[in-house]
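> next comes the sequence, and after it the predicted model I'd like to discuss.
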Number of protein chains: 2
Amino acid sequence: MSKCEQCIIRQFNSFKYLSKEELLRLSSCKTSKIIKKGETIFEEGDHLNGLFCIKDGVCKVSKMSENGRNQIIDLIQKGDIIGERSLVSDETSNLKAVALNDMEICFIPKEEIIRDLSKNPNFTMGVLKDLANNLKKADNVIVDMAQKTVKQRLAETLIKLKEKFDLNEDGIINIQLSREDIANIIGTATESAIRLLSDLKKKKIIEFKGKEIKILDIKGLEKIAHGF
Amino acid sequence: MSKCEQCIIRQFNSFKYLSKEELLRLSSCKTSKIIKKGETIFEEGDHLNGLFCIKDGVCKVSKMSENGRNQIIDLIQKGDIIGERSLVSDETSNLKAVALNDMEICFIPKEEIIRDLSKNPNFTMGVLKDLANNLKKADNVIVDMAQKTVKQRLAETLIKLKEKFDLNEDGIINIQLSREDIANIIGTATESAIRLLSDLKKKKIIEFKGKEIKILDIKGLEKIAHGF
DNA sequence: TTTAAAACATGATATTTATCAGGTTTTTAA
DNA sequence: TTAAAAACCTGATAAATATCATGTTTTAAA
């Protein structure tokens, strides 16, 4: 099994603040796992008791609303960490995580990380920064959800997907989402998402074949997203 | 000037983890301020460089959307702390805070707190817990904003206001918000908020005279909020 | 390879919500 | 105290969005 110490994803998250020794210890108690596309990493109500490090693949993090609809809160990819909240709270998870493609993840038990948290101030600050940044992003999402139209949110979502997952050699956004997933990010009905995607296609702002989406007119998209 | 050490609000937040000595030091570098109703504590884009401790009064924390509408993200009251994000980030504030009534607040410079953060693990964990909890709440708000109707969100908001601010001797919710503020919490047009409040009044679920709102049928309100 | 299931698409319609316009009442400041 | 401003309210209407219905295409599994 590979060692945390050599793990490339370390550079993208708070683990970069840990010493060689600390990483070696984590390495010895981590569990590595392969998750197939569509499989669940954890459910709402699960006790996490540790962190998940994403080594490869993408998952959607979502929460069921009381109306019975699923809201995707975040997409998590290589280098990201989930489960940070479990470090400081004994509550069960309020979120669910499902793989969007085949994934490779590591699980590190909470107690081991807590040990580092209390001894390595740089690491703690890293985790704090992470949480603070997530909080800022969450505030922005709240404002968008509350104040923007579905059309604006779709445009915004496409821009963010492009920035987060980049484009492949053909200019296609490097993530495959179903129309339902897109609707669940935006917070709208699947039919509405489909309709608005078709509109954007008609207006030559995007182009798509199935789940492969290409942005033709990023300026146009930004204009819609920002409401001009 | 009063001392942090004796400050009652300490018990409600992470400062409870600080030692007598640490509190004495904070005391000596804090600034106390009176903020009048309607005055701004800080604006979007301001450099905070420290924490605000609310000793008395209530303020609304909001963010302008690109559509030019204001979204109230949170209401902050006695015992709460704002500006935590400034501790771990040099970015300017993404939020604005305005007093809803006369307030008494203390400002503690960032550097002083950072000093404690790096030396007192209990305090750090307290701040971490705080952020994690805020993040969880933010996720819930995102889901509500994305998936619930305006009517549901209004009902939910009234319930939360009752829980957060309690009732006075006459059963009236202990916070005075303008219709516009209520609309900006829910994320809707002021007229819509007014209309839906009137509906609830007609149905004898609430009762109000101006800004004084009384809940008559909490079960009914919950039924609406949770979508049955 | 075939077939069932899932995902995608679009029209018709209903519902929700925003906007505009016009009032009344309350608050604030001169 | 009074005048102006702000807040509140309601109706009419328009716009946005959800829902239902139905058909097509794609995907996955037998």
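Received it, and whenever you're ready, just let me know what you need. Numbering: from 1, shown residues only, chains lettered A, B, ... in the order given.

> would you say residue A:41 is within a helix?
No. Using DSSP: H, G, I helix; E, B strand; the rest coil, the assignment for residue A:41 is strand, not a helix.

> what's near enough to touch the spatially closest residue to it that is not a sequence neighbour?
Using Cβ to Cβ, 6 or more residues apart in numbering or on different chains and skipping residues adjacent in sequence, the residue nearest residue A:41 is residue A:97, 4.0 Å away. (C-beta placed from N, C-alpha, C; glycine too.) Residue A:97 sits next to A:40-42, A:52, A:59-62, A:76, A:82 when contact means Cβ atoms under 8 Å, 6 or more residues apart in numbering or on different chains.

> the longest helix along chain A and DNA strand C, any residue contact?
Longest helix in chain A, counting residues (DSSP state H): helix A:121-147. No. Remark: helix A:121-147 sits outside contact range of DNA strand C, by Cβ under 7 Å from any atom of the strand, the gap being at least 8.3 Å.

> okay, the angle between that helix and helix B:121-147?
Helix A:121-147 runs at 20 degrees relative to helix B:121-147, counting by axes from the mean of the first three to the mean of the last three Cα atoms, to 10 degrees.

> now the element after helix A:121-147, going C-ward?
helix A:150-165 (DSSP states H and E).

> now for that following helix, which elements pack on it?
Applying 3 or more Cβ pairs under 8 Å, 6 or more residues apart in numbering or on different chains; DSSP states H and E, one finds that helix A:150-165 contacts helix A:121-147, helix A:179-186, helix A:190-202, strand A:212-215, helix A:218-226.

> identify the bridge partners of residue A:51.
residue A:108 (DSSP bridges).

> so it sits against residue A:88, correct?
No. Counting by Cβ atoms under 8 Å, residue A:51 sits too far from residue A:88 to count as a contact (11.6 Å).

> how's chain A carved up into domains?
A:4-145, A:149-226 (the TED database).

> quote the end-to-end distance of the longest one.
Domain A:4-145 has an end-to-end distance of 38 Å (Cα to Cα, to the nearest Å).

> state the mean pLDDT of that domain.
Domain A:4-145 shows a mean pLDDT of 92.

> need the contact list for the nearest residue to residue A:140 once chain neighbours are set aside.
The shortest distance from residue A:140 to any non-neighbouring residue, by Cβ to Cβ, 6+ apart, is to residue B:94 (7.2 Å). Residues counted as contacts of residue B:94 (Cβ under 8 Å, 6+ apart) are A:136, A:139-140, B:44, B:63.

> hmm, the longest helix of chain A touching DNA strand D?
No. Remark: helix A:121-147 sits outside contact range of DNA strand D, by Cβ under 7 Å from any atom of the strand, the gap being at least 10.3 Å.

> sorry, back to before: can you give the strand pairings for the helix or strand harbouring the residue nearest to residue A:41, parallel or anti for each?
Using DSSP H and E, residue A:97 sits within strand A:96-99. With DSSP bridges as the test, strand A:96-99 is paired with strand A:40-42 (antiparallel), strand A:59-64 (antiparallel).

> quick check: the residue nearest to residue A:140 is in a helix.
No. Assigned with three-state DSSP, residue B:94 falls outside any helix and is coil.

> that older thread, neighbour count and distance to DNA strand D added to the contacts of residue A:97, as JSON lines?
Putting those into JSON lines (neighbours: other Cβ atoms under 10 Å in any protein chain shown; distance: Cβ to the nearest atom of the strand, whole Å) gives the following:
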{"residue": "A:40", "neighbour count": "12", "distance to DNA strand D": "15"}
{"residue": "A:41", "neighbour count": "22", "distance to DNA strand D": "19"}
{"residue": "A:42", "neighbour count": "21", "distance to DNA strand D": "21"}
{"residue": "A:52", "neighbour count": "24", "distance to DNA strand D": "24"}
{"residue": "A:59", "neighbour count": "27", "distance to DNA strand D": "16"}
{"residue": "A:60", "neighbour count": "20", "distance to DNA strand D": "16"}
{"residue": "A:61", "neighbour count": "20", "distance to DNA strand D": "21"}
{"residue": "A:62", "neighbour count": "23", "distance to DNA strand D": "16"}
{"residue": "A:76", "neighbour count": "22", "distance to DNA strand D": "21"}
{"residue": "A:82", "neighbour count": "21", "distance to DNA strand D": "24"}
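
> what residues does chain A have near DNA strand D?
With the criterion set to Cβ under 7 Å from any atom of the strand, chain A comes near DNA strand D through A:149-151, A:187-189, A:191-192, A:210-211.

> max pairwise distance over the residues you listed: which two?
A:149 and A:210 (25.8 Å; Cβ to Cβ).

> those two: which is more packed in?
Remark: of residue A:149 and residue A:210, residue A:149 carries more neighbours, 13 against 8, as counted by other Cβ atoms under 10 Å in any protein chain shown.

> from residue A:227, how far off is the more buried one?
From residue A:149 across to residue A:227, the span is 8 Å (Cβ to Cβ, to the nearest Å).

> please apply the same query to residue A:187.
Residue A:187 sits 17 Å away from residue A:227, going by Cβ to Cβ.

> quick one: which of the two has more around it?
residue A:187 (24 against 15).

> pretty sure the more buried one sits against residue B:148.
No. In this structure residue A:187 lies outside contact range of residue B:148 using Cβ under 8 Å: 9.6 Å.
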